[in-house]
Every structure is written in C-alpha cells, then in structure tokens.
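[1] Below is the sequence, then the predicted model.
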Amino acid sequence: MREGGIVGPLPSTHERLTDGAIGQSVNDWEQRYRRTVITSDTVTTAFVVAAIGEFFGARDAANWHEKWGILAFGTELLVLGAFAVSRAWAPAVLGQGAEEFRRLGRSLFAATVVLALGGIALTSRNIKLWIFVAIPAIALVTMSARYLLRLGLHKQRKEGQCLRPVLAAGSPATVRDLISRTRKFPHLGWRVDGVCTTEGRGLDGDELDGVPVLGQLTDVAKYVEHDGYRVVAITPDPYWTPNRLQRLAWNLEGSDAEMVVAPVLMEVAGPRLHVDAVLGIPLLRVSMPTFTGGRRAIKAVADRLGSAILLILFAPLMLFVALLVVTDSRGGAFYRQRRVGKDGREFTILKFRTMVVGADLARAELADRNEGAGLLFKMRRDPRVTRVGTVLRRYSLDELPQLFNVLTGSMSLVGPRPPLPEESAAYGPDIRRRLLVKPGLTGLWQISGRSDLPWEEAVRLDLRYVEDWSLALDAVILWKTLRAVLYGQGAY
C-alpha cells in the first residue's frame, strides 16, 4: 500500500487498457454496498413498524391488529417507495457527503405528507401514531444505520478499497493539487489512477506524484472508454473552452463515467452556489454570504439554549474538574484571557487552568521552541502545563467554561477559532474576514486536526466556514467534534 491509502503498485498503461476491468470491479462493490443499504432500510423500517404495533397494540380494541396490519404495511411501503422515488439509493450519493441524508429527509417528509393526507381522506383516528411516532422513529433508526454503514465503508477506503478510479485532466499544477487532496481524504472515495495534461507530460516526466500521465487532454474520452474510469475530474487549464467541455460531455455519454468540473472559486460551495440558465447559457451564480437574517437568529437561539442545556448537564463534571485543578497545583481553577470576537470586539474567554501560575510571563523564554504554525504559539511538551492540564487538553475539557461565553453571547457553539489580540493585530485584510462572525467553541479547525494543522490550512478552514456557513454545516461540525475530542488528535 502506498502512502495515502492508495493500493500499489499502479498498473502499467498497457495493463490498464483491458476492456474496462477497473470499472467492472467498481461496479461490483458499488452494487454490493447499494444492496446492503436497501436491505438495511427495509429491515430497520419493518423493525420500527413491528415494534410500534407490539408496544401500542395491547392497549387498544380487539380489532387493533387488523387496523395495525393495514397501516403498518402501508406505512412501510410508503416509506420505501419514497426512498426509491427520491433516489435515496442512488450509488452516486451513498457513503459520502450530506446529500445522502438530505434525500432521506426529503423522502420521509414526503411520506409524512402523503400519510397525513391519506389519514384525512380515510378519517383514521390511528394515523397520528404513525405520523408523530412511526416516521420520526424510522428516520432515527434508518439514518443511524446508514451512518454505521458509512463508517464501515470509510474504514475500507482508508485501507485502499472501495475507491472510484478517477481520470484527472487539466494543468499539471491543478491536477497535482487534486491528487494531494484525494490522498489526504480517502474516505471521500476518489483515487486518481490516471492523468491527462495539455502536452501529455507531468512535472516529473511521465508521472505526476506517482500517477502515470496517459496522454493529452484531447485523449480523455478514449481512455475513459477503454479503462472504465468512474470519474473524469476536469481541473482548470486554458485548454478547457466551453465547446471542448461540451464535446467531452457528449463523448462520455453512454459510459459509466461522471464528469466533474472544478470551478475557479474553489473555496465557495454549499448553499451559495446555484446553477441558472440565463439566455440559454448555464451560469454558476454565487450568492453573498449571510451574516444576518432568520438563519442567524435561529443560530443565536440555538447557541443560548444549547449552552444552557450543556452547562446543566456538565455541571457535576465541571465541579469535579475544578477541584482537580486547584488540588494539582497552586492557583485558581479558571484561566481568563483576552480574545478578539465578532467585528474585532475584545472579550474575556474562560478556560480551566492547565498551566502553572505565571505561564504567560515564561512564554518569551520558550519562543525558540515554538512548534506552532504561523502566528500561533504551541509546544507538544510544554513545561508550563500541569499534570491535570495535560489530561484536560487531551480531551478538550479545559474548554468547557467557554459555554459561559456562548451563553452571554460573546461566542458561538460553532465558529472560527477566537484569536489573541496580538494575532488579530497582525491579520491582513483577507484573514480579517474571520472576524465577521462570532468565534466558536468548536469549528472546522477542531475536527480537522487542531494544532497539527499548518497555519495556512487553519486560516483556509476558518474562511471557508465564514463563506459557506449554514445550519446544516453547524450540525455536522458538532457531530464530528465528539469524535475529534475522543481521539484527541492535535490537542496539546
């Protein structure tokens, strides 16, 4: 296995041109995974329906089972039919991204509406049970099962299995960036197996970062036809005019390949991108980022309510941690520090103390041992950190008091990392966009490596959050934060 989870060694060009053998193997695992998902959805839906009938059936009239059988069978058929109509079992969305769960949500919402209308038409008194209990229970169980299946698929992908072969076509520099990203994030399911460039050569001769350069950009369709690639990734290059892209799309018709074109605005995604047809021309419309409005109001309410609930739940743990801190070393339980928040306003952040008293004064003496990136000061084995502090940092327990900052409105549950005043003073105009939103208790930086991230990558993630923020993105980050905290990657 080569670095990055890529199965090696790569086959030669002659070995690769063998009647679509690559595409055939991909079809095998894709269809197996799809059948597994369909079976899981069917079994979990039937289980929920049966459990509800068993739990509520004993408390009703003698003819309950007859009515339950009709409603149960109808509900299951309705839900599974909605999955099929909404293409919730399409191989392209299974195992990656949020689209899989969005389609599940739309399917279940449609099933709920149809079920409610059917209940009104049939004047059924039992329909409320299926709308308000059965459908939400089916949503919880099916989505949980899908998530567990996805974890298994991602594990296989990290081992170099169940990957879609990609033919990348563009300039050597942009293709190299794509190769690097696919190796860094193998769980997304892409593996660049071949490259086409304008001149048919890479930066390293006949290879580009270990991937063979098969030919020129004019040969893309030919290699897809013979080799069975599942994804054709078009990266920026002056060669790609609208006419050439359209001709390539025509040439790929009838194959199993999906053509993906990387836009120039690489860091803009999600709800801000829209494809519109204007005067017969497809245009990529980029809407402005939203910093006010209804969704921001919902986020503010969720922050206050969520932090209040978490403070109540974690109160015993926080009291225990505070006792450990003051017992372990001289000083108080809390550490207060000035940070910069939304629109450059400073506030006092709260943490559990993890260092000895006077640690800030000793920082200058350790400047030559700084392991942090960019403007950050970090040390893996900082002599100022106490024994209890090491454990608190490992599991991010030192950050629990920041829930008070969220409750008072100076921070959010999710957002960019709150910078120090001296860091903020050194920001350029681009980086200052981090200050357009409230800093967060967690964020993209938290779930992507924390202190292990290069400074440029940490900034890129924060700016991406500012540009592409959505309530769905916040929910995903909060969900992934739990795993990041348990593994403790980049925490020191």
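    Sure thing, it's come through.
[2] Contact partners for residue 231?
    Listed by Cβ atoms under 8 Å, 6 or more residues apart in numbering, the contact set of residue 231 reads 164-167, 190, 257-258, 260. Using the backbone N, CA and C atoms, a C-beta is placed for each residue, glycine as well.
[3] try it again with 10 Å
    Contacts for residue 231 (Cβ atoms under 10 Å, 6 or more residues apart in numbering) come out as 26, 164-168, 182, 189-193, 224, 256-260.
[4] and the gap between it and residue 252?
    11 Å (Cβ to Cβ, to the nearest Å).
[5] do the same with residue 190
    On the measure of Cβ to Cβ, residue 190 and residue 252 end up 17 Å apart.
[6] Ok, residue 86 next?
    Counting by Cβ to Cβ, the gap from residue 86 to residue 252 is 26 Å.
[7] picking that back up, neighbour count winner among residue 190 and residue 252?
    Higher neighbour count among residue 190 and residue 252: residue 190, with 24 against 18, using other Cβ atoms under 10 Å.
[8] The more buried one: what's it in contact with?
    96, 157, 163-166, 168, 178-179, 181-183, 230-231, 233, 260.
[9] count of residues packed around residue 381?
    Neighbours of residue 381 using other Cβ under 10 Å come to 9.
[10] In a strand, it, correct?
    No - counting by DSSP: H, G, I helix; E, B strand; the rest coil, residue 381 is not part of a strand but coil.
[11] can you tell me how far it sits from residue 393?
    12 Å.
[12] what does residue 308 give?
    Distance from residue 308 to residue 393, by Cβ to Cβ: 25 Å.
[13] Same question for residue 51.
    Counting by Cβ to Cβ, the gap from residue 51 to residue 393 is 43 Å.
[14] So for those two, which sits in the more crowded spot?
    A direct count of neighbours by other Cβ under 10 Å for residue 51 and residue 393 places residue 393 higher, at 22 against 13.
[15] Tell me which helix or strand the more buried one sits in.
    In this assignment (DSSP states H and E), residue 393 forms part of helix 387-394.
[16] So which elements touch that helix?
    Contacts defined by 3 or more Cβ pairs under 10 Å, 6 or more residues apart in numbering; DSSP states H and E place helix 387-394 against helix 294-328, strand 346-352.
[17] Could you list which of the contacts of residue 190 belong to helices?
    157, 178-179, 181-183 (DSSP state H).
[18] Closest to residue 151 out of these?
    residue 157 (10.7 Å; Cβ to Cβ).
[19] mind listing what that closest one touches?
    Contacts of residue 157 (Cβ under 10 Å, 6+ apart): 5, 95-96, 163-164, 185-191.
[20] Tell me who's in contact with the closest residue to residue 75 other than its chain neighbours.
    Residue nearest to residue 75 in three dimensions, not counting chain neighbours: residue 130, with 5.2 Å by Cβ to Cβ, 6 or more residues apart in numbering. Listed by Cβ under 10 Å, 6+ apart, the contact set of residue 130 reads 49, 52, 68, 71-72, 74-75, 78, 111-112, 115-116, 118-119, 124, 137-138.
[21] Quick one: the strands in this structure, in order.
    Listed in chain order, the strands of the chain (DSSP state E) span 164-169, 190-197, 207-208, 211-216, 231-234, 258-261, 273-278, 281-286, 334-340, 346-352, 412-414, 440-442.
[22] of the ones you listed, which approaches residue 40 most closely?
    strand 164-169 (21.5 Å).
[23] Adjacent strands (with direction) for that closest one?
    Strand 164-169 has the following strand partners under DSSP bridges: strand 190-197 (parallel), strand 231-234 (parallel).
[24] hang on, the earlier thing: most surrounded residue in the contacts of residue 190?
    residue 168 leads the contacts of residue 190 on contacts (other Cβ under 10 Å) with 30 neighbours.
[25] in the sheet, who's paired with that one?
    What pairs with residue 168, by the bridge criterion (DSSP bridges), is residue 195, residue 233.
[26] That one and residue 477, how far apart?
    On the measure of Cβ to Cβ, residue 168 and residue 477 end up 29 Å apart.
[27] Same question for residue 353.
    For residue 353, the distance to residue 477 - Cβ to Cβ - is 27 Å.
[28] same thing with residue 430?
    For residue 430 relative to residue 477 (Cβ to Cβ), the value is 22 Å.
[29] Of the two, which one has the most company?
    residue 477 (22 against 9).
[30] before we move on, back to that, Serialize the ones in helices among the contacts of residue 190 to JSON lines and add fields for distance to residue 101 and pLDDT.
    Listed next are these as JSON lines, based on distance: Cβ to Cβ, whole Å; pLDDT from 0 to 100:
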{"residue": "157", "distance to residue 101": "18", "pLDDT": "92"}
{"residue": "178", "distance to residue 101": "26", "pLDDT": "90"}
{"residue": "179", "distance to residue 101": "29", "pLDDT": "92"}
{"residue": "181", "distance to residue 101": "23", "pLDDT": "87"}
{"residue": "182", "distance to residue 101": "23", "pLDDT": "90"}
{"residue": "183", "distance to residue 101": "26", "pLDDT": "91"}
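[31] tell me the two of those residues that are most distant?
    It's 157 and 178 that sit farthest apart of the ones in helices among the contacts of residue 190, by Cβ to Cβ, at 16.7 Å.
[32] residues in contact with residue 45?
    75-80, 83, 134, 137-138, 141-142, 145.
[33] go again using 7 Å as the cut-off
    Residue 45 makes contacts with 76, 79-80, 138, 142, as judged by Cβ atoms under 7 Å, 6 or more residues apart in numbering.
[34] mind giving me JSON lines with those residues and columns for distance to residue 484 and pLDDT?
    Listed next are the contacts of residue 45 as JSON lines, based on distance: Cβ to Cβ, whole Å; pLDDT from 0 to 100:
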{"residue": "76", "distance to residue 484": "37", "pLDDT": "88"}
{"residue": "79", "distance to residue 484": "33", "pLDDT": "93"}
{"residue": "80", "distance to residue 484": "35", "pLDDT": "94"}
{"residue": "138", "distance to residue 484": "29", "pLDDT": "93"}
{"residue": "142", "distance to residue 484": "25", "pLDDT": "94"}
